[in-house]
Each structure stands twice: as C-alpha cells, then as structure tokens.
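*Asks:* Fold the stuff below for me.
(chains A, B and C)
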Amino acid sequence: MNAADKDMREAMAVSGLKRRRTRVARWLGGINWRGAVSVAGFFLLWELLVRTKAPGFEAIPTLSNALEVFWNKYLTSARYWQAWAVSFERVAYGFVVSQMLGIPLGLLMGTRRKFHDLMFPVIEILRPIPPLAWVPISILFWPTNEMSIVFITFIGAFFIIVINVHDGVRSIKKEHLWLAMSLGATPMRIFRQIILPSVIPSIAVGMTLGIAVTWNVVIAAEMIASDVGLGRLTWEGYVSNTATVVLIGMISIGLAGYLSTKLVDWVEKRMMPWRK
Amino acid sequence: METVLRLMQNRRFWSMCAGFLGFFAVWYGSVKWVPLAPFGRLPDPVKVISEWLNPNPVFGISIFVKTYYYHILYSTYRATTAFFLALALGVPLGILMGWSRKFSDFASALLALLRPVPPLAWVPLAILILRGGEAAVIFVCFLVAFFATVLNTHAGVKSIDPDYFRAAACLGASRKDVLFDVIIPGALPNIFTGLQIAMGAAWFALAAGEMIAAQYGLGFLIMEAYNLVQTPTIVIGMATLGILGYISSAIIRLVGNRLMRWREEVIGVKS
Amino acid sequence: MALPAGEQVAPRECDRNGTAMAAVGGGVSIRKVSKVYDPEGARVVALYECSVEIAPGEFVALVGPSGCGKSTLLNILAGFDTLTSGEIYLNGKLLASVNRPLQPGPDRVVVFQHGALFPWKTVLENVMYGPLRQKAMTAEEAEKKAIDLLQRCGGLDRVATSYPTELSSGMQRRVEIIRALMNEPQVLLLDEPFRAMDTVSKTTMHQHLLEMYRMSRRTIVFITHDLEEAIYLADTAIVMTTRPGTVKKTLAVNLPRPRIPEMMSSREYLDLKRQAAEGVHEEARKAFERGEREQA
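*Replies:* From the prediction side, this is the model:
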C-alpha cells in the first residue's frame, strides 16, 4: 500500500458522506417522477374532458374505452394486423431505397467538385417541394398504387440523407485527409478508410430524421391514396365517424413509429461501435 | 455590371446552369421520347412553363389568374399562422425546459409520449375536435412546427457552455439576468435552426393537410388538378409550394443573421 | 505567506512615481479543505486537507499536473463547487464550510481556461456587465470606467465596439481579465488562462497580466501546470500533489518586481525552478502512471 492510497482512505474517513445507496434506491431515484405525474395528469385531464363533455370532446372516446374496443375487436382482427404489415413494408422499402440511392449520391457530391456544382443546385430546388405534393404525379407515373406510395416515402427520406451525407463529407477534417495522402494512400483507400468512417455519424443523423419523416409521409399518403395500412385505418375511423377507431389508429401509428425508430437506433449503434 | 461580369467568369455558375439545363433536358427527353406509358402520362417542362406564363391558361391556373394567388395566400396564411403559433409557444417552452430542471422533468415526459405519433396522423382527430378542415390543417402544421421548435430550443439551451453561466454568476447576475443575458442569446443559433426546420415542417404538413381536408390552398389545387387530370397544373402547384418554402426559410435565415451579428460565420472571421 | 489571514502586508512595491501602493485585494485562508466526489458511490478524493494562506494583494500560483485538484480548489473558492470538509476564510471572516455552501459572487471573479466572454455582447458590454448587473454603477459611470480600464491595458478601447470573436485570443483574455477587474474583486481567480497559447503570445500576455496586477493590486490565484510561468509571475508558487490533491511544496519567489523576461535566466530564478521541478516531476510521473493503470 503506498502513501497515496493511505491518504485516500483517510480522506474517505474524514468526509461526512452518506453510505452507498442500494441498487433499488438508485433505480427508484432514476425514475422521472415529475414526468410520471405530468403523464398521469394528461390522461386524467383527457378522461375528465370527455366525461364532462367539454366542447369538442363529445365525439372523443376515453382511453379506456379505446383499449376495450381494441381488445375486443382489433387484437384478433386479421385486417388490423395486415394494416401494420402493409405500412411497415411501405416504410421499409421507401426508407431502404432512399438510403441506397441517397448515401452514394451524397458521397459523390461531397467528394467530386464538378459533380457537386452540377447536381447540388438541382437538389436544392427539388428539396423544398413537400413530399406529399408528389402524390398525384407519383400516382400518374407508377403503374401500381403500392409503387407510388413507396416512391413518395422514398422522396421523404431521400433529400434528408443526401444533404446530411454531403455535409458530413464536407466537414471531414482536412488534417485526416492530408495525413492519409502524405502516407501515400490511394484515393480508393482514402475513400474507404477515411471518408466513409467519418461520414457514418452524419449518415446516422440522416437516418434518424429520415425514419420519422417516412412515417409521416406514409400515413398521409395512405389517407390520400390507399385502401390498406394504418393511415387508412385511421382515416376510415374518421369517415365512419367512429373516433375510437381514429384513436386506435393513432396509438398504433405512434407505436409503429417508435418501434422503427428503435430499430434504426440499433442499426446506428452497430454502425458506430466506437460510440458508447 | 461588375457582378454580372464576375458571374460570367465563375465556373460554379456555369456548372449550375449546366445542371439545370441537364435536369430540364432529361425531364423533357424522358417525357417526349421514352416510349413507355408512364413517362407519356407526365407533363413536359415546356408545357408546364407555357401554361404557367399563359394569360389564358388551358386549365385555369397561371400567373395571370386571380385564383392562383388565392391559393397561394391561403397556403401562406395557414403555414405562417402555424409557424408563429409554434414560435410563440415552442420557444418559451423550450427555454423554460432548459432553464428549470423541474419544468423539464414535467414537460419532457409528455413530449416523449406524444412525439412518436406522426403529426399527420392527427388530421382526422383534429377535424373531429376542431370541427372542420380549416382549423385542423393549421393545427396539424402547428404540431409539426411546434415539436421542431421546442426540441431545438431545448437542445440550444443545453448546448450553452456552462462557463457562461458561471461567468454570469461571478459577475453578480440574478436568475432573471441569466435568462436574458446567457440563455436566450446562447440558444439563439439553435433556435433559428429549429425555426428553419419548423417552417419546412409546416409546409410539409400543409401540403398533406390541404390535400386531405381543405377547400383552398396549393395542396388542394394539386389534388383537384389530379382529379381533373390537369397535369401541368399539378406541377405548377408543386413548384409554387417549393418556391414558397424556399423563400420562407431564406427569410428566417436572414432574420437570424441580423439578430446574431456576433457569430463567427456572420462576421466572417473563421471560415 | 505565514501571515494570519486578514493582516495587512507592507507594500512590496512602489509604482513609477515612487509612491507606495497599498494592496486592495483580500486575504484568503484555506484551512484543511477536502473534496470527495461520489458519483454512483465510487468515491474520488480530489482534495485532501489542503491548507493555503494567501496575504492581501499576493499573487499566488498553484502548480501541478492535470488532475491534481487545483481546478477543484479554484471551483470551491469561486463557489461553483462545495467542499466536503474544512473552511475558507476571506479577510478573517468565514466564507465557506460544509454547512455554509458558497455562492459565486463579484468578490471572487474567475477568468476561465477557454474564455467565457459573452460572444453576443460587444467588448464594452462585456466589461460593463458586472457593475451594471450588480447595480453598483450607472451606465455612464460603468462606461467611463470600462473605457478607462480598456485604454490603460494596451489601448483596448479601440476595439470596444467589436464582438469578442473579432479579437485575437490574447486580446480576448485581456478583455476578460478587465471584465473581472471592473468588479474590484477581493480575489481574482485565473484558471490556466494562457494554456492554449503559443510561447510568444504567452510571454506578451505575462507582461500584460503583470501590468494589470501592478495597477490593480488585487489578490490573484493563478492556476497553471507550467512551472516556469508560475515562478515568473507569482509571489508564492504552491506545488500540489496528484490525487488526492494537497500542498506538496510552497516556494516564496523573491524575485524583484517589476518582472522582466530577462529574469528567466537569473540565478535566483533557476534555483527556484530546480527546487520546484523535483516536486512537480515526481507528481507528474505519478499522475501519468495512475492514468496508465486506470486505462489498463
């Protein structure tokens, strides 16, 4: 035992600290109690507004009511689960295709000056067009309804990933590139070993933003132009004036969005093992 | 004159022109000469532009027609109303969340509960509660813009270097002084990033909302043109939405640069 | 150094006109201060029974390798952090103890390692900030004093309307020190303010700081890991041990003032350096080895 350790022990002795907290206590302390209160308050307020028939809430069901209907009718309904599957499929196709095309395009624009000067302004004028504004053109162009919805979903995530990857390449430290060049790395090696890994965090940001937009787009596209899917389910609830169904639809969509975000987070973590 | 000359010598300017030219050429070529049915169903750029600039438009919408501006005004009114509502509620909320730990605990859980539901999924419920399309469309646009504003403002407050708070405390600033002298100016860059995103999000939701549940507006125009198979009008509507979105985000950027003259990028000291 | 807190020291120096200048800074007495961090029950002793006596108007440098707790001590003095045992007195009055947590205030102003001038305020607004927020002066008074101070510190009044980002890092640091001096603090706390600077700018900054010290006669606590800087600037250089941080060696620097760069090759200076170097290097090695151990 050296002197420093001894000092440390003494210092511990003089410090008037409480004992180490138990595991359970620490776990309980980690819960956001205030948050729990506000969430509970939200549901209570909802229940209250509906029960007292506050203006605007006459047609709205309570959460318990919606859950009951869900349990009785939807849990075993094949059509309900088909809606899940169809929406997920659309999101998945649109998202994956947008990444597969958007990441290489972003990399190209980031690394090739000429290509950037040529393409970037075109991207910039197409980008502000809201994805949903593409719906009619998309329906006209694509032979099937399914393809047009996937296309709009693709548009939703495409520009986001292109811009993020492009900015990511642009913000690579010059020193890293110079180092590689002075060590005699070939352009291909520089690309594979410096540019690609440096851009991964930007890709991750683009993916996180993209998946959220994708769900938004799919839901709206389904309301406008489809006969299946979670968005359609919600819309049908509105058309048939059964708010319970609207609510079940919304909760399902929220859950689906949450799940896919978690999935993307997981993929991102695998892409960046150096981040904790 | 000098600027024109300099532009003529700029390689990037010519590349940009070549890019646009190529874009329109590919568009024109694919519509006109690709012998596939899907391409034939699309309008070519010449048709779109001649319709857009036609004093007597074939399908009723061009820059010489009053209704065109009605649609633009309606859409702009909805998007800006939603944007300013989001600004007025989202920025204070985000700052409050960054200022007070307690408040952040209360609010963040609620936000986390509501955020996974895509705002566009609120459209039917909004119509039911607010009884009608008009308020519902604005509400949905507001919702999208609101989340972007709150989250970016909160992130902005969180990203302020703690040394600024310490310095303010050393110099005898009260809690209120810290709010006005550190938190608000320190979060401003992120707030403006958030506002730009919010404006974009408002237009995004607007297009969808108007297609689903409105009687006027560019989204409605696009949808109606689709129903009546007026393809050039569809593209005019899309382009107009794009231009409006671009202009509004440019305005926000300008205002931001004016308010944040102290920033390195604005001053031009570094990079 | 060994004077009891609060007692006045005889002025060590005369200004250019030869008139004696009394110290206007406060005396600080740090008595057996310890600090234990306890994140998740893993106790880290940052400071252990650290005692330092600082006379009014004295320039004290705390030297030690990174992680020796010198910043912790400064944070406790500034009121950013609490102590777990011991007391701190200012001018003989109890300032902080376990039961009396300290708030930051204008009597102990910090100049930060990475600089903390508000980038959204102009140089003048930054310098006037303290007195205005404390409502100690009217705007006119504050502006007059700020311009005067800026002007006397190498003609900085000509950048009064600039934003900090437009200034060189050396100028930024000087403005930040002036912002602190505006409050007429009892103690000026400098947390490695010249760390990121090259040797040439550092030497220039040393002369500026010495000049500001001469003018203001404030008590200064200067934190650094650079031994030469500490001896060159300070009246007393205190070498600290690595974690748990405590005082290892106290060196009275009897070099005459005003200090000039040529003194760095004087015998007295080199002697002092040798004396201190042994202690510092031993501690640096310990810190380094512990770092290696903790990595493994």
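*Asks:* Please make it C-alpha for all contacts and neighbour counts, starting now.
*Replies:* Fine.
*Asks:* The helix or strand where residue B:92 lies vs chain A: in contact?
*Replies:* If you go by DSSP states H and E, residue B:92 is part of helix B:66-99. No. Counting by CA under 8 Å from any CA of the partner chain, chain A is not contacted by helix B:66-99; separation bottoms out at 12.5 Å.
*Asks:* quick one: that helix to chain centroid distance?
*Replies:* The chain centroid and the centroid of helix B:66-99 are separated by 10 Å under CA atoms, centre = their mean, to the nearest Å.
*Asks:* Next: stretch A:165-184.
*Replies:* Taking mean C-alpha positions (CA atoms, centre = their mean), stretch A:165-184 and its chain are 29 Å apart.
*Asks:* So which residues lie in contact with that stretch, not counting its own?
*Replies:* Here stretch A:165-184 makes contact (CA atoms under 8 Å, 6 or more residues apart in numbering or on different chains) with A:103, A:106-107, A:109-111, A:190, A:194-195, A:198-199, A:201-203, A:206.
*Asks:* for residue C:31, helix, strand, or coil?
*Replies:* Here residue C:31 is strand, with the state taken from DSSP: H, G, I helix; E, B strand; the rest coil.
*Asks:* Count the neighbours of it for me.
*Replies:* For residue C:31, the count of nearby residues is 17 (other CA atoms under 10 Å in any protein chain shown).
*Asks:* ditto for residue C:249
*Replies:* Counted with other CA under 10 Å, the neighbours of residue C:249 add up to 16.
*Asks:* pretty sure it contacts residue C:236?
*Replies:* No. Counting by CA atoms under 8 Å, residue C:249 stays clear of residue C:236, with 10.4 Å between them.
*Asks:* pLDDT score for residue A:28?
*Replies:* What the model reports for residue A:28 is a pLDDT of 71.
*Asks:* Nearest residue to the spatially most central residue of chain B in space, ignoring adjacent ones along the chain?
*Replies:* Central residue of chain B (CA atoms, centre = their mean): residue B:200, 2.0 Å from the mean position. Distances taken as CA to CA, 6 or more residues apart in numbering or on different chains put residue B:245 closest to residue B:200, at 6.4 Å, once the chain neighbours are dropped.
*Asks:* Could you confirm residue C:105 falls within a helix?
*Replies:* No. With three-state DSSP as the criterion, residue C:105 is coil rather than part of a helix.
*Asks:* hmm, which two among the contacts of stretch A:165-184 are most spread apart?
*Replies:* Greatest spatial distance among the contacts of stretch A:165-184 (CA to CA): A:190 and A:206, at 22.7 Å.
*Asks:* Comparing these two, which shows the higher neighbour count?
*Replies:* residue A:206 (23 against 18).
*Asks:* measure the closest residue to chain C within the stretch 51-200 of chain A to residue B:209 for me?
*Replies:* Closest residue of the stretch 51-200 of chain A to chain C, CA to the nearest CA: residue A:175 (19.2 Å). Here the criterion is CA to CA, to the nearest Å. By it, residue A:175 lies 48 Å from residue B:209.
*Asks:* same deal with residue B:84?
*Replies:* 18 Å.
*Asks:* show me where the stretch 151-276 of chain A has helices.
*Replies:* Secondary structure of the stretch 151-276 of chain A (DSSP state H, counting those that start in this stretch): helices located at A:174-182, A:187-190, A:196-225, A:230-239, A:243-271.
*Asks:* which stretch among those helices comes nearest residue B:113?
*Replies:* helix A:243-271 (9.0 Å).
*Asks:* Could you name the helices and strands sitting against that closest one?
*Replies:* The helices and strands touching helix A:243-271, judged by 3 or more CA pairs under 8 Å, 6 or more residues apart in numbering or on different chains; DSSP states H and E, are helix A:63-69, helix A:196-225, helix A:230-239, helix B:123-130.
*Asks:* that older thread, quick one: residues contacting the residue nearest to residue B:200.
*Replies:* A:128, A:129, B:199, B:200, B:203.
*Asks:* picking up where we left off before, you'd agree the residue nearest to the centre of chain B is up against residue B:249?
*Replies:* Yes. Counting by CA under 8 Å, residue B:200 touches residue B:249, with 7.2 Å between them.
*Asks:* Within range of chain B, give me the residues from the stretch 1-150 of chain C.
*Replies:* C:78, C:80, C:104-112, C:116-121, C:129-131, C:133-134.
*Asks:* now, which of those residues lie within strands?
*Replies:* Counting by DSSP state E, the part of these found in strands is C:108, C:109, C:110, C:111.
*Asks:* which two from the contacts of residue B:245 end up farthest apart in space?
*Replies:* A:129 and B:199 (12.6 Å).
*Asks:* sec struct for residue C:36, please.
*Replies:* Residue C:36 - assigned by three-state DSSP - is strand.
*Asks:* Spatially nearest residue to it (excluding sequence neighbours)?
*Replies:* Nearest non-adjacent residue to residue C:36 (CA to CA, 6+ apart): residue C:45, at 4.4 Å.
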